[in-house]
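In: Build me a model from this:
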Amino acid sequence: MVERWLEGLESCQLCEHRCRVNRLQGEKGVCCLTLPVVASACLHPAPPKSYTVFTAGCNFKCVSCQNWTISQYPDNGQSVRGYIDPRELASECLEQLHSFVGRLMGADRLFFSGGEPTIHLPYIEEVVESARRIEPGTKVNFDTNGYLTEESLERVLRLTTSITFDLKAFHNEVHRAITGADAEPVLRNARHIGRYARDKLWEFRIPVIPGISEGEIEPLCQFIADVDPSLPVCFLAFRPNFLLEEHAGATFELMERCVAIGRKAGLRSVYWSGQANLPGKSRGIEAAVKGYYKYPGARSAASYALRGGCVTHPRECKGCVSRNQCRVKRYIPRRST
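Out: Residues are numbered from 1 along each chain as shown. This is a model prediction of the structure:
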């Protein structure tokens, strides 16, 4: 007998790829995941302090992913914890929150990250429901790339205490070059949260990749300011990782400039986080993709994707003929920061 929460995987439309595959029968969409998989779980000091559950798999294939061992599972062969009964995971989460270390840290909520937790939304709902049967006031944070359907977003808003939300690019071409998916659903969902669920937003997070997303900072800041200038925005300093393992990290000067751009746009709560000035240099092959992209940042990102094995340009993971045999998902970098 199929558990009630699993029924949402029979024709999966949790994210905007809307693959409609039967994951219970082993069919795979863009994320290549069937049953929910927990990669790892631990007490985590990053704001908000929490017991964080990292789910495996992702509906994006970002060239810059710092959690590539998790996000590109199962294709990359990395080890994970595997499937955990949601009731068992709920008990583990609460036990860890109330542990000596958890209380010393000040951890006060469950935090679902990844990868991308949206692709496991029915499972997460079951974990949270189980936890709240034990402790009704259990807080929950949902960390997302924003590529949810409108229906899934409403489910997340009902579920959560707080949301951390990534914005990788404003222009669709640049977003597709970085992630393999369109920007519009992400911007639509960010706008909805900013207008109608302001109290749920912990912060918008904007990764800053030198030479790739620099040109996206101003339009993203203006977009957020037009929704509500009081919305919190954190710029994340890019660290060389995954397909961009040799790319230079964001400089201190660049991160300070991003904050200045945000303030000029009218944002009142803007700051940056991460490690700056990590060395590297561009190793893309932009000439090979020049005809497909007009934005320099898109060409740079796509050239790294091409070098990593991406065969569809402009990038579009759902329609790619190789989406379930993706060489990008099998890429193993030699450098990690």
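In: Is residue 279 in a helix, a strand, or coil?
Out: Secondary structure assignment for residue 279 (DSSP: H, G, I helix; E, B strand; the rest coil): coil.
In: Over to residue 204?
Out: Following three-state DSSP, the label given to residue 204 is strand.
In: for the one 3 residues further on, same thing?
Out: Reducing the assignment at residue 207 to three states with three-state DSSP gives strand.
In: Tell me the secondary structure at residue 95.
Out: Per three-state DSSP, residue 95 ends up helix.
In: what's the neighbour count on it?
Out: Residues lying near residue 95 (other C-beta atoms under 10 Å) number 11. Quick note: C-beta positions are derived from backbone N, CA and C, even for glycine.
In: how close does it get to residue 135?
Out: 11 Å (C-beta to C-beta, to the nearest Å).
In: Hmm, residue 28 is touching residue 21, no?
Out: Yes - counting by C-beta atoms under 8 Å, residue 28 does reach residue 21; the two are 6.3 Å apart.
In: Those two - which one has more neighbours?
Out: residue 21 (20 against 16).
In: Break this protein down into its domains, please.
Out: Annotated domains of the chain cover 1-162, 167-337 [automatic domain parsing].
In: Could I get those domains in CSV, plus columns for mean pLDDT?
Out: Converted to CSV, those look like this (pLDDT from 0 to 100):
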stretch, mean pLDDT
domain 1-162, 95
domain 167-337, 94
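In: what's the nearest residue to the residue nearest the centre of the chain if we skip its chain neighbours?
Out: Closest residue to the average C-alpha location of the chain: residue 145 at 3.6 Å, with C-alpha atoms, centre = their mean. Nearest residue to residue 145 in three dimensions, chain neighbours excluded: residue 166, at 5.0 Å (C-beta to C-beta, 6 or more residues apart in numbering).
In: Also residue 309?
Out: That would be residue 327: by C-beta to C-beta, 6+ apart, it lies 2.6 Å from residue 309.
In: What is the burial count for the one you found?
Out: Residues lying near residue 327 (other C-beta under 10 Å) number 13.
In: so it touches residue 312, yeah?
Out: No - with contact defined as C-beta under 8 Å, residue 327 does not count as touching residue 312 (11.3 Å).
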